[in-house]
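Novice: Next one to model:
(one chain, ligands or ions: 2)
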Amino acid sequence: MKKILYSGAEAHLYLEKDRLVKERISKGYRHEFIDNAKRKYPTRKEFKILLKGKKIGMDVPEVFEVDDKEMKVVMEFVKGDLLKETLDNYSKKKREEVCKKIGIQVAKMHDNQIIHGDLTTSNMILKEEKVFFIDFGLGFISHKIEDKAVDLHLLRQAMESKHFKYENNFELVLKGYKKSSNFKETLERLEKVEQRGRYKRKA
Ligand SMILES: Nc1ncnc2c1ncn2[C@@H]1O[C@H](COP(=O)(O)OP(=O)(O)OP(=O)(O)O)[C@@H](O)[C@H]1O
Ligand SMILES: [Mg+2]
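Specialist: Ligands and ions are numbered 1, 2, ... in the order given. Next up, the predicted model:
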């Protein structure tokens, strides 16, 4: 029997020995061909980006296997705190450090042309002072400033909606993001992105 750790709209996650298996589930209502394609693409993406992430020195789970028949990725189980649940409860000092580390890690990722696609604290785990990024199924490779700015915008939105208790979280993230070689340009684009309709921020 699989012991399901997490069951979402797209995937089941369970432990096999001490490894984590993320298996993208079939949606019965979709045509089999479409259903396969829709599961295969993010499964492969996740595997490839995790590999690349590790290679460039990001804190991501080690990835062991991909199986695009069963639509699974097997990776290291990162035993730590899911930031979505814990960020608000840290001391001021720890919260500041963690937010800055998030920014440093996004900078490294963007400087290596990886766009996460779903930057939220539900996809970040703090383990032994390191912030691990997970859930790269919506990730892609791009050198475009626009894509990096949108990635940051999604993070700002996630911070503001889930962690509204402290208003300066995203500013702290940007302190870390200063390390990016395109910091200025990306920030300018972020402002533009947010002025446009589609991504308009609530005042
Ligand atoms: N490598 C890991 N180590 C520890 N916990 C993990 C790991 N990967 C995922 N989790 C836990 O499982 C949850 C869901 O995983 P994940 O975010 O990858 O799936 P999801 O949000 O359903 O993905 P998708 O958006 O690709 O469908 C995470 O929020 C986290 O709590
Ligand atoms: Mg997730």
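
Novice: And D67, how far from ligand 2?
Specialist: Distance, D67 to ligand 2, by Cβ to the ion, to the nearest Å: 20 Å. Where C-beta positions appear, they are placed from N, C-alpha and C, glycine not excepted.

Novice: Can you report how many residues neighbour that residue?
Specialist: 13 (other Cβ atoms under 10 Å).

Novice: again, but for R95
Specialist: Per other Cβ under 10 Å, the neighbour tally for R95 reads 21.

Novice: Spit out the contact partners of it.
Specialist: Residues in contact with R95 (Cβ atoms under 8 Å, 6 or more residues apart in numbering) are L87, D88, Y166, N169, L172.

Novice: Which secondary structure element is home to it?
Specialist: Following DSSP states H and E, one finds R95 within helix 92-111.

Novice: Quick check: next helix or strand after that helix?
Specialist: strand 114-115.

Novice: gap between that next one and the chain center?
Specialist: Relative to its chain's centre, strand 114-115 lies at 10 Å (Cα atoms, centre = their mean, to the nearest Å).

Novice: Does the residue in the chain positioned nearest to ligand 2 belong to a helix, a strand or coil?
Specialist: Taking Cβ to the ion, ligand 2 has its nearest neighbour within the chain at D135, 3.8 Å off. Three-state call for D135 (DSSP: H, G, I helix; E, B strand; the rest coil): coil.

Novice: okay if I get the contacts of R95 as a markdown table plus pLDDT and neighbour count?
Specialist: Compiled in a markdown table, these are given as follows (pLDDT from 0 to 100; neighbours: other Cβ atoms under 10 Å):
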| residue | pLDDT | neighbour count |
| --- | --- | --- |
| L87 | 96 | 23 |
| D88 | 95 | 15 |
| Y166 | 86 | 16 |
| N169 | 96 | 25 |
| L172 | 97 | 20 |
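
Novice: Please enumerate the helices of this protein.
Specialist: 32-55, 83-86, 92-111, 145-162, 169-177, 183-195 (DSSP state H).

Novice: To ligand 1, which of these lies closest?
Specialist: helix 32-55 (5.9 Å; Cβ to the nearest ligand atom).

Novice: Show me what that closest one is in contact with.
Specialist: By Cβ under 8 Å, 6+ apart, the residues outside helix 32-55 that reach it are 10, 22, 24-27, 30, 60-63, 66, 68, 71-73, 75, 109, 112, 114, 133, 135-141.

Novice: follow-up on the earlier one: now the helices of the chain as JSON lines including distance to L126?
Specialist: What follows is the helices of the chain, written out as JSON lines (distance: least, Cβ to Cβ, whole Å):
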{"stretch": "helix 32-55", "distance to L126": "17"}
{"stretch": "helix 83-86", "distance to L126": "6"}
{"stretch": "helix 92-111", "distance to L126": "6"}
{"stretch": "helix 145-162", "distance to L126": "15"}
{"stretch": "helix 169-177", "distance to L126": "14"}
{"stretch": "helix 183-195", "distance to L126": "24"}
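
Novice: mind showing which ranges of this structure have poor pLDDT?
Specialist: Along the chain, the parts satisfying pLDDT under 70 run over 1, 197-203.
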